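Student: My questions concern the predicted model and sequence given below.
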Amino acid sequence: MTKPPLLSGKKIVKTLEKTGYYRVSQKGSHIKIRNDTSSDNPYCA
């Protein structure tokens, strides 16, 4: 069985921003992102 590719947090956030998410806030290495078409709760990445 092959291992999944390693993805950095920066690449994940960049990809999510391309799909409509945007940064709400950041504290240290934790970034809260939100997509207005989804629920009102931000996600921590």
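Tutor: That came in fine, so what should we check first?

Student: Tell me how many other residues crowd Tyr21.
Tutor: For Tyr21, the neighbour count with other C-beta atoms under 10 Å is 20. Any C-beta I mention is one placed from the backbone N, CA and C, and that applies to glycine too.

Student: Could you check how far it is from Leu7?
Tutor: For Tyr21, the distance to Leu7 (C-beta to C-beta, to the nearest Å) stands at 15 Å.

Student: and what of Gly20?
Tutor: In terms of C-beta to C-beta, Gly20 sits 19 Å off from Leu7.

Student: most centrally placed residue in the protein?
Tutor: Val13 (4.0 Å; C-alpha atoms, centre = their mean).

Student: Surely that one touches His30?
Tutor: No: the pair Val13 / His30 is not scored as a contact, 11.2 Å apart, by C-beta atoms under 8 Å.

Student: part of a strand, is Thr15?
Tutor: No: read with DSSP: H, G, I helix; E, B strand; the rest coil, Thr15 is helix and lies in no strand.

Student: neighbours around it, how many?
Tutor: 11.

Student: Got the phi and psi for Gln26?
Tutor: Dihedral pair for Gln26: phi -150, psi 140, per degrees, to the nearest 10.

Student: Lys11: what secondary structure?
Tutor: Lys11 - assigned by three-state DSSP - is helix.

Student: er, Pro5 actually
Tutor: Pro5 ends up coil, using three-state DSSP.

Student: Just list the residues touching it, thanks.
Tutor: For Pro5, the contact set (C-beta atoms under 8 Å, 6 or more residues apart in numbering) is empty.

Student: Got the phi and psi for it?
Tutor: Backbone geometry at Pro5, expressed as degrees, to the nearest 10, gives phi -70, psi 150.

Student: how near is it to Val24?
Tutor: As judged by C-beta to C-beta, Pro5 and Val24 stand 27 Å apart.
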